[in-house]
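Engineer: Curious how this folds, go ahead:
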Amino acid sequence: MKSLVSVFFLFTIAFFVSGCSDMNTDITSPEKLTKDKMTVPWKGNVEGIAITFGTPCGTDMIPKKLTAAGNSSHLGKGTADFRYCVMYTSGEGGIIINSGIHSILTAANGDELWMDFVSGSFQITEWIEPPYVCVVEATINGVVVGGTGRFADATGNGVCSAVQMVDFRLPDVPTVIDWTGTLSY
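Structural biologist: Numbers count the residues shown, from 1 in each chain. Model prediction:
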């Protein structure tokens, strides 16, 4: 019986030693810790005030900063910061030319999601008090370009629908933005 126990003991030790033959393997190496990105539907809504700030960003372009708060899937309750340049024109249909929109969405825990907007249309859809007060509607296509925390390598896209009540006599512009898209992180 003692010899059977000894054989079993030696077999067990040999089994464990053979499983650990490469003692130089780093189980914390990036290859071992990487996870697959998941692609998920993404939507959200923020409301805030766009203000004029900084120096002009081109001929007749007005710099704007929208600070907003709201809720988004995968971020939860948080804030949004949009920076862009705008030029209002008085042509037929009241087309608005906009450039350089960049946004930072911040989750309650501080993780940020960054988005750049690549194309879109802006239009004055209603004059409330011509020529001073109007409703501006926009549809903007954006791409997710990374972030911080769990969104450090995030990618994705989104379509934003924005509505602004513009009073050309005032620097502040109330704004509501809704978006839908996909997010990979």
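Engineer: Could you find the closest non-adjacent residue to K37?
Structural biologist: Nearest residue to K37 in three dimensions, chain neighbours excluded: S184, at 4.5 Å (C-beta to C-beta, 6 or more residues apart in numbering). Backbone N, C-alpha and C define where each C-beta goes, glycine included.
Engineer: worst-scoring helix or strand of the protein, pLDDT-wise?
Structural biologist: Sorting the helices and strands of the chain by mean pLDDT, DSSP states H and E puts helix 30-33 at the bottom, at a mean of 41.
Engineer: For V133, give me its contacts.
Structural biologist: W127, M165, V166, D167, F168 (C-beta atoms under 8 Å, 6 or more residues apart in numbering).
Engineer: hang on, the earlier thing: next structured bit after the least confident helix or strand of the chain?
Structural biologist: Sequence-wise, the next helix or strand downstream of helix 30-33 (DSSP states H and E) is strand 39-52.
Engineer: helices or strands next to the longest strand seen in the chain in the packing?
Structural biologist: Under DSSP state E, the strand in the chain containing the largest number of residues is strand 112-129. Identification of packing neighbours for strand 112-129 by 3 or more C-beta pairs under 8 Å, 6 or more residues apart in numbering; DSSP states H and E yields strand 96-107, strand 133-147, strand 155-167.
Engineer: can you do 7 Å?
Structural biologist: strand 96-107, strand 133-147 (3 or more C-beta pairs under 7 Å, 6 or more residues apart in numbering; DSSP states H and E).
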